[in-house]
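Peer 1: got a predicted structure plus its sequence, pasted below:
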Amino acid sequence: MEPRFDPADIAQLEERYWNHANAAQQERERHIVEQLAPAARQRQHFTLAHLLVLAQWKSPRTVPSVERNRDEFVREVTALALSEEVSEEMRIKCLPLLHGVQWPVASVILHFGFEDRYPILDFRALWSLQEPQPQTYELDLWTRYTDFCRQYIAEHGVSMRVFDRALWTYSKENQ
């Protein structure tokens, strides 16, 4: 994996990210980053209401399926995924037990559930890293992608959220 852009462009790409979102989308993301995610990290789980906000932000078409989940089950599954006691594999693989949650939405839960630890799995981000879009997501890709992003943000002194926005923006503007 290698970004299609120069690391010096990350800040400008991240700034332009907001040009591609309407006011409601911007407010939803700010709410997630500033309120929902810190509260979930403190509680060490997400609620159904929070999962619906994440699903609406990442993949609105999944919301009807996500609504089928019971709040208690969402709390249990996300508590397992956010636990420090489980493996990386368990974290990503337990989340699709929830209705409407596949690897991309699962990655959003981990992205906001752990600060600077997980990237968001998205076709735009993969394209920006010159990674072909797979037919199905599998652990090998997730592990390589996560490891690459962790190393990259450490080397370039940016947060995972900033890097994610830069990846998304580059694809949106160039693909």
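Peer 2: Arrived safely.

Peer 1: between the two ends of stretch 85-103, how far is it?
Peer 2: End-to-end distance of stretch 85-103: 21 Å, with Cα to Cα, to the nearest Å as the criterion.

Peer 1: er, stretch 126-144 I mean
Peer 2: Termini of stretch 126-144 sit 11 Å apart (Cα to Cα).

Peer 1: and that stretch, what's buried?
Peer 2: Judged by neighbour count using 16 or more other Cβ atoms under 10 Å, the buried positions of stretch 126-144 are 126-129, 131, 137, 141-142. For every residue, glycine as well, the C-beta is placed using N, CA and C.

Peer 1: again, but for stretch 66-75
Peer 2: 66, 69, 74-75.

Peer 1: of the residues you listed, closest to I32?
Peer 2: V66 (14.8 Å; Cβ to Cβ).

Peer 1: now do the contacts for the closest residue to that closest one other than its chain neighbours.
Peer 2: Residue nearest to V66 in three dimensions, not counting chain neighbours: G100, with 3.7 Å by Cβ to Cβ, 6 or more residues apart in numbering. Listed by Cβ atoms under 8 Å, 6 or more residues apart in numbering, the contact partners of G100 are 55, 62-69.

Peer 1: just name the shakiest helix or strand of this structure by mean pLDDT.
Peer 2: Taking mean pLDDT, DSSP states H and E as the measure, helix 23-31 is the helix or strand of the chain with the lowest mean score, a mean of 92.

Peer 1: what does the next helix-or-strand element following that helix rub up against?
Peer 2: Proceeding N to C from helix 23-31, the next assigned helix or strand is helix 37-43, under DSSP states H and E. Here helix 37-43 makes contact (Cβ under 8 Å, 6+ apart) with 46, 50, 78, 82, 112-115.

Peer 1: at 10 Å what do you get?
Peer 2: 31-32, 46-47, 50-51, 54, 75, 78-79, 82, 109, 111-115, 161 (Cβ atoms under 10 Å, 6 or more residues apart in numbering).
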